[in-house]
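Enquirer: give me a model of this one.
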Amino acid sequence: MPLCLYLIRHGETEWALSSRHTGHSDISLTANGKDEARELGPQLQGIFFAHVLTSPLKRAQLTCKLVALNGVPEIERDLVEWNYGDYEGKKSVNIRHERPNWDVFRDGCPNGEMPGQVLARADRLIARLRTMDGNVALFSHGQFGGVLGARWIGMPLENARHFPLGTASVSTLAYDPDHPEVPVISLWNCLSQPFSQSVKSPPSGQTMKQRAIQRWENEGGEIPVSESKSSSLVQVPQMMP
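Expert: Next up is the predicted model:
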């Protein structure tokens, strides 16, 4: 079977909910995060996975367990989240008080990983994955998942800022069936819950779209003003049957 990667971000954690950078801190899922993971299981039933790979961090491993795919999960250390170093546990908005215009995808993290290191890790993982066949499940994290998406189609790492992932989302990385040598993103950031339920109610006077953009920026992304005003943040199709 042709290779198809199912990239699954872990369910909600307390730090994800509060937009704090969560790299190597081994934080578990919230009760809602566990529910999010359980709801993914039925959406993926009927798909046979040749391999199930998970980040070693407990939030990814627990999501993998609750989704309950066929096969025995294997730990893949290259699926771990970006190492935020000195910025671990901090919000982007607070980091930018001291370092204006900071962008993790461009600037990296002091005493953590720099973009070149994450790029090398993602490319190394993709090279291994391309030796496999069939459906492969990857349980990973938000910002490293964005890097995988960008690198799968050959884009520079900085472009990962345009690939946000919600908690307990599924994306698929595959090849164009008419041009098997061309890698494609066939699905991105598909949520098991309706989008209106996945994003918390916005503060008074703030639209849902503004809330979603603010959360993505707080987690390290950077959306140009012209783009955020002219288009939706994410297109979320219905989950596959």
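Enquirer: middle-most residue in this protein, spatially?
Expert: Of all residues in the chain, the one closest to the mean position by C-alpha atoms, centre = their mean is Gly142, 2.9 Å from it.
Enquirer: what residues are up against that residue?
Expert: Going by C-beta atoms under 8 Å, 6 or more residues apart in numbering, Gly142 touches 9, 16, 81, 164-165, 167, 219. To be clear about C-beta, it is placed using only N, CA and C from the backbone, and glycine gets the same treatment.
Enquirer: from those, which land in helices?
Expert: Ala16 (DSSP state H).
Enquirer: could you identify the most distant pair in the contacts of Gly142?
Expert: Glu81 and Pro164 (14.3 Å; C-beta to C-beta).
Enquirer: Val136 touches His51, doesn't it?
Expert: Yes: the pair Val136 / His51 is scored as a contact, 4.6 Å apart, by C-beta atoms under 8 Å.
Enquirer: any idea which strand is longest in this protein?
Expert: strand 179-191 (DSSP state E).
Enquirer: how many other residues sit next to the closest residue to Leu29 other than its chain neighbours?
Expert: Once flanking residues are discounted, Leu29 sits nearest to Gly11: 4.7 Å by C-beta to C-beta, 6 or more residues apart in numbering. By other C-beta atoms under 10 Å, the residues close to Gly11 number 29.
Enquirer: hang on, Gly11 in a helix?
Expert: No: assigned with DSSP: H, G, I helix; E, B strand; the rest coil, Gly11 falls outside any helix and is coil.
Enquirer: three-state assignment of Gln61?
Expert: Under three-state DSSP, Gln61 comes out as helix.
Enquirer: relative to Met1, how far out is it?
Expert: 26 Å (C-beta to C-beta, to the nearest Å).
Enquirer: please say which of those two ends up with more neighbours.
Expert: Ranked by neighbour count (other C-beta under 10 Å), Gln61 and Met1 place Gln61 first, with 18 against 8.
Enquirer: shaky segments in the chain?
Expert: 192-241 (pLDDT under 70).
Enquirer: what residues does stretch 83-102 touch?
Expert: Against stretch 83-102 from outside (C-beta under 8 Å, 6+ apart): 15, 18-25, 104, 107, 109-113, 217-220.
Enquirer: what's the local residue count around Asp35?
Expert: Using other C-beta under 10 Å: Asp35 sits among 16 other residues.
Enquirer: name the element it belongs to?
Expert: Assigned by DSSP states H and E, Asp35 belongs to helix 31-44.
Enquirer: mind listing which of the contacts of Gly142 are in strands?
Expert: If you go by DSSP E, those have Arg9 in strands.
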